[in-house]
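*Asks:* got a predicted structure plus its sequence, pasted below:
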Amino acid sequence: MAERATEQIVIDATPEELLRVLLNFERYPDWAGDIKDVQVLERDDEGRGTLVAYRAAAMGQSARYTLAYDYSDIPNSMSWKLTEGSIMRVLDGSYTFEAQDTGTLVTYHLEVDLIVPIPGFVKRRAEGKIMGTALRELKKFVESA
């Protein structure tokens, strides 16, 4: 069964600035530590990646997965669904953006179901690490630009 989790962080940037970083998939290895390689397989009419293949470090091994992106609620959110994965059945999620006086509140939703059965508490700890690290790395990259 898939586990769901949500985390939030305030980043000193506008939603548009955050989207510029998040839509530049080829640069993910520059700021997202676990992402080793990214290939945009398909793009929409605006040049945004709609099908993106990743290679990432996961639990001591290399994981490959492909995500299909949905931009129907841009600039308020962007979401994705797993189309193919080497160690997961589900890797669906979204970023939502809420402009505030001090920056943007970013909410990260993630749903994960691994192929290999592992105890729920281990899965939850891994999700927390993935989400917390992703948000902190995004914040650091955006705010240092």
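*Replies:* Looks like it arrived, so ask away.
*Asks:* where do the helices sit along this structure?
*Replies:* Taking DSSP state H to define them, one finds helices in the chain at 15-22, 28-31, 120-144.
*Asks:* tell me who's in contact with residue 77.
*Replies:* Shown in contact with residue 77 (Cβ atoms under 8 Å, 6 or more residues apart in numbering): 94, 95, 96, 97. From N, CA and C alone the C-beta is placed, and that goes for glycine too.
*Asks:* who wins for most neighbours among those?
*Replies:* With neighbours defined as other Cβ atoms under 10 Å, the most crowded of the contacts of residue 77 is residue 97; it has 24 neighbours.
*Asks:* sorry, back to before: nearest to residue 112 among the contacts of residue 77?
*Replies:* Of all the contacts of residue 77, residue 112 sits closest to residue 94, with 13.3 Å by Cβ to Cβ.
*Asks:* next, the residue lying farthest from the centre of the chain: phi, psi?
*Replies:* Ranked by distance from the centre of the chain (Cα atoms, centre = their mean), the top residue is residue 101, with 24.5 Å. The phi and psi torsions at residue 101 (degrees, to the nearest 10) take the values phi -60, psi -30.
*Asks:* residue 26: which of the contacts of residue 77 is nearest?
*Replies:* Each of the contacts of residue 77 was scored against residue 26 by Cβ to Cβ, and residue 95 proved nearest at 17.8 Å.
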